[in-house]
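Novice: starting from these lines, generate the structure:
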Amino acid sequence: MKRFITLTIILALGVSMLAGCGKKVTETEIPTGEYSETGDETVEESEAEDTTEEAEITEAVDENEAEDKTESAEATEEDTAETTEAAEAIDVAETSSSDHEILVTDQSVTTLSDDYDEYNMVIPRLVVDGVDAEAINSALEEHVKTNHPLTEDEYGVSGETTSYAWGTKGNIVSIIIIAGEIGTDGVGYEVFNYNVDTLQAAGNDEVLSTFGLSEADFNGKVEEVYRAWWETETWLQEDMSYLDKSIAAISSTNVTPFALPNGDLGAAGLTYTPSQFMEMVRCFDLDTLSVAHFN
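Specialist: Coordinates of the predicted model:
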């Protein structure tokens with residue numbers, strides 16, 4: 001009998017414990033309506049947070065992209081500015097005279113007159129940065145007085161009148177001596193090129209380099225201007241053999257490149273023509289393909 005009672009008690013306790021465990025599982029694993037509402041709010045809040053985070057990430061990406069675009073645009077503007085400055089620097093280098101202040105003015109003027117006219121011997125003077133180029137000026141004076149004398153005697157004035165023109169390109173200054181024999185219409189030209197950095201005579205290659213030309217290109221332009229001149233002058237067309245002879249004479253010995261007063265490339269070339277001045281140096285503008293005229 002005792003055993004039966006004990007067994008009954010144990011069974012009762014076991015049922016009670018199982019019932020307790022079942023309640024715990026029910027409360028924990030199966031949410032009630034309250035838990036369900038709380039869970040939905042939690043999900044919505046979580047989704048809202050995710051959306052906010054995504055928006056913040058998107059905004060951050062957009063900001064980064066905007067910054068990248070801004071930096072790229074600024075870099076492009078800087079590159080463009082640098083390119084423009086470089087182009088302007090090149091353009092200035094090609095068109096300006098130099099960093100020096102260059103002036104060619106009168107060194108001396110000698111005037112003689114007779115019953116017919118008044119005649120001048122004008123000798124040029126080169127000044128660089130406010131200082132006389134003494135060696136060059138002395139050489140110019142000696143050359144003009146020796147090769148183009150102007151004299152007076154009891155019969156009047158004889159010799160040549162002289163004047164000058166000048167131009168610059170880069171560090172090159174070109175001085176053109178213009179000489180005319182008294183009693184004739186003939187005018188001759190002599191070109192002297194100098195480097196204002198060194199105050200030394202500049203050769204043809206140095207002058208052509210300043211203009212960005214090779215000797216072959218220069219000679220081609222000289223031939224072109226000779227042909228253009230012949231086409232515009234009827235008297236030259238009387239004998240085309242003189243054109244052929246002039247073209248054949250094109251060389252570094254017979255043609256000198258120089259800077260015209262307007263900065264264009266000029267050529268002082270030996271030409272042959274069917275006239276009383278059969279052999280003469282004439283000046284040409286290679287940009288306009290025409291004869292150069294000096295005031």
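Novice: select the helix or strand of the chain having the lowest average pLDDT value.
Specialist: Sorting the helices and strands of the chain by mean pLDDT, DSSP states H and E puts helix 2-29 at the bottom, at a mean of 38.
Novice: and Tyr272, what does it touch?
Specialist: Residues near Tyr272 by Cβ atoms under 8 Å, 6 or more residues apart in numbering: 242, 245-246, 249, 278-279. Using the backbone N, CA and C atoms, a C-beta is placed for each residue, glycine as well.
Novice: what is the nearest of those to Val187?
Specialist: Glu279 (13.8 Å; Cβ to Cβ).
Novice: in the contacts of Tyr272, find the pair that's most separated.
Specialist: Pairwise over the contacts of Tyr272, using Cβ to Cβ, the maximum falls at Ala249 and Met278, 12.4 Å.
Novice: neighbour count for the two, which is higher?
Specialist: Ala249 (17 against 11; other Cβ atoms under 10 Å).
Novice: any idea how far the more buried one lies from Pro274?
Specialist: 15 Å (Cβ to Cβ, to the nearest Å).
Novice: for the nearest residue to Glu181 once chain neighbours are set aside, report the pLDDT, please.
Specialist: Spatial nearest neighbour of Glu181, chain neighbours left out: Glu160 (5.2 Å); criterion: Cβ to Cβ, 6 or more residues apart in numbering. pLDDT, Glu160: 97.
Novice: distance check, Glu160 against Asp115.
Specialist: Where Asp115 is concerned, Glu160 sits at a distance of 19 Å (Cβ to Cβ).
Novice: looking at those two, which is more packed in?
Specialist: Applying other Cβ under 10 Å to Glu160 and Asp115 shows that Glu160 carries more neighbours, namely 21 against 6.
Novice: quick one, phi/psi of that one?
Specialist: phi -130, psi 150 (degrees, to the nearest 10).
Novice: wait, what's in contact with it?
Specialist: Applying Cβ under 8 Å, 6+ apart, the residues contacting Glu160 are 121, 148-150, 179-182.
Novice: low-confidence bits of the stretch 101-250 of the chain, can you list those?
Specialist: For the stretch 101-250 of the chain, no stretch is flagged by pLDDT under 70.
Novice: any chance you could map the helices in it?
Specialist: Assignment of helices within the stretch 101-250 of the chain using DSSP state H, counting those that start in this stretch yields the ranges 134-147, 204-211, 215-232, 241-248.
Novice: now those helices in JSON lines, with mean neighbour count?
Specialist: Formatted as JSON lines, these follow (neighbours: other Cβ atoms under 10 Å):
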{"stretch": "helix 134-147", "mean neighbour count": "15"}
{"stretch": "helix 204-211", "mean neighbour count": "18"}
{"stretch": "helix 215-232", "mean neighbour count": "16"}
{"stretch": "helix 241-248", "mean neighbour count": "16"}
